[in-house]
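Undergrad: coordinates for the following, if possible.
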Amino acid sequence: MKIGIIGLPKSGKTTIFNALTGSEHPTEKYMPTHSEAYLGIVPVLDARITKLTEIYKPKKTIYANIEYHDYPGIFSTEVDNPENTLFSDIKSMEGFALVIRNFPDSELEELYGNQNPETQLSRFEDEMIINDLIVSERRIEKIELGYKRGIRTATVQNEERVLRAICAHLQDNRPIRDMTLLPEEEKAVRGFQFFSQKPMLILINVSEDNYNSQNDLKDRLAQRGYICEVIAARFEDELSKLDDEEAAMFMEDMGISESIKNRLSHLCYLLMGYLSFFTVGEDEVRAWTITKGDNAVTAAGKIHSDLARGFIRAECFKYDDLILHGSEKVLKEKGLFKLEGKEYLVKDGDIISIRFNV
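TA: So this is what the prediction gives:
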């Protein structure tokens, strides 16, 4: 999973990135904004994988990962080309975590304006919509030029139809993620990787003193359809440098049960509609990430393309059943091992072994 961390300059993005990844990138107020994205890969700590490792004692344990990209403190570069290198990189993200500054700082307000959180959010949504609209309109112009040259295929006509619907939606100042596109329509425009089509959650960065006073703001943003989390970035960065015992004491004082690393992992899974299934054995215990609604063949393909190509059956049992009954042997005796076909919809916590023949 690839998540882009975006926000205004000095909003606390890099401080959050450091807390998530254990990095030590400079975050001083007067440091110039970095020009390229920082990259960090963070394991998704899942207690179920830890427990399965205890049971199977494998040679290797592999957790799922989230790849965080901390982008420079800008979104719009105020240029005419919305397809420059930075934008292309941001477009490759699967989703966004937008950091909104909600802490007082007179110097930052003088530099970047005294924008309230909802204004900051609206600015980013507007910029995403404008960039998507420019790209859509330019592509429609090229299609029309192709028509004049005699290039008129069913595929191109379908693409034009979808793009015109998208343009009309964007012109109403609504993000593409609010549209309902049929699978064939989504496929027709997938290559554009539109900004406003990607899911986005909001991180409200506050001072420690104001951490517990953000409920009204969270409610308003939730009413606009956003997943929100309040974070005291400086506190979380300091917390990430403590041992577990010290960190637990400070989290208790703050009224939180998990660090931002774990909280954000849960939120990203929720944002993307992802779930985890597991493969187990003496060699390896591993978590795999797929989208809710994916079937057994898709899960097989996550493990290896040959398993999807030669798929016969998926042998499945539930993590919760294994913990309740203690062993695979008992699960088989109780009929809790299932052989599932291609269209079986994989559930969170399924433990799967693929039968295949290539």
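
Undergrad: shaky segments in the chain?
TA: Across the chain, the ranges flagged by pLDDT under 70 are 30-32, 74-84, 111-114.

Undergrad: so which residues of it form strands?
TA: Ranges of strands in the chain, per DSSP state E, are 2-7, 38-43, 60-62, 65-70, 95-101, 200-205, 227-231, 274-279, 284-291, 311-318, 338-340, 350-356.

Undergrad: redo those strands as a markdown table? Include distance to E252 and mean neighbour count.
TA: Heads up, the C-betas are built off the backbone N, CA and C, glycines and all. What follows is these, written out as a markdown table (distance: least, C-beta to C-beta, whole Å; neighbours: other C-beta atoms under 10 Å):
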| stretch | distance to E252 | mean neighbour count |
| --- | --- | --- |
| strand 2-7 | 27 | 24 |
| strand 38-43 | 23 | 16 |
| strand 60-62 | 29 | 13 |
| strand 65-70 | 26 | 21 |
| strand 95-101 | 25 | 24 |
| strand 200-205 | 22 | 24 |
| strand 227-231 | 17 | 19 |
| strand 274-279 | 28 | 20 |
| strand 284-291 | 29 | 18 |
| strand 311-318 | 33 | 19 |
| strand 338-340 | 42 | 14 |
| strand 350-356 | 34 | 19 |
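
Undergrad: need those strands in TSV (columns: distance to C167).
TA: Below are the strands of the chain laid out as TSV (distance: least, C-beta to C-beta, whole Å):
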stretch	distance to C167
strand 2-7	24
strand 38-43	33
strand 60-62	43
strand 65-70	28
strand 95-101	22
strand 200-205	21
strand 227-231	27
strand 274-279	30
strand 284-291	28
strand 311-318	40
strand 338-340	43
strand 350-356	41
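
Undergrad: quick check: angle from the helix ranked longest in the chain to strand 200-205?
TA: Counting residues, the longest helix found in the chain (DSSP state H) is helix 117-148. Interaxial angle of helix 117-148 relative to strand 200-205 (axes from the mean of the first three to the mean of the last three C-alpha atoms, to 10 degrees): 150 degrees.

Undergrad: ok and helix 117-148 relative to strand 95-101, angle-wise?
TA: Going by the same axes, to 10 degrees, helix 117-148 makes 140 degrees with strand 95-101.

Undergrad: and helix 117-148, how far from the chain's centre?
TA: Centroid separation between helix 117-148 and its chain, computed with C-alpha atoms, centre = their mean, to the nearest Å, is 22 Å.

Undergrad: helices and strands around it, which ones?
TA: If you count contacts as 3 or more C-beta pairs under 8 Å, 6 or more residues apart in numbering; DSSP states H and E, helix 117-148 packs onto strand 2-7, strand 95-101, helix 154-171, helix 215-223.

Undergrad: hmm, back to that, of the strands of the chain, which is nearest N158?
TA: N158 sits nearest to strand 284-291 of all the strands of the chain, at 24.1 Å, using C-beta to C-beta.

Undergrad: contacts only, for A188.
TA: By C-beta atoms under 8 Å, 6 or more residues apart in numbering, the contact list for A188 reads T155, N158, E159, V162.

Undergrad: how close does it sit to Y68?
TA: Distance of A188 to Y68, computed by C-beta to C-beta, to the nearest Å: 30 Å.

Undergrad: and K13, by the same measure?
TA: Using C-beta to C-beta, K13 is found at 10 Å from Y68.
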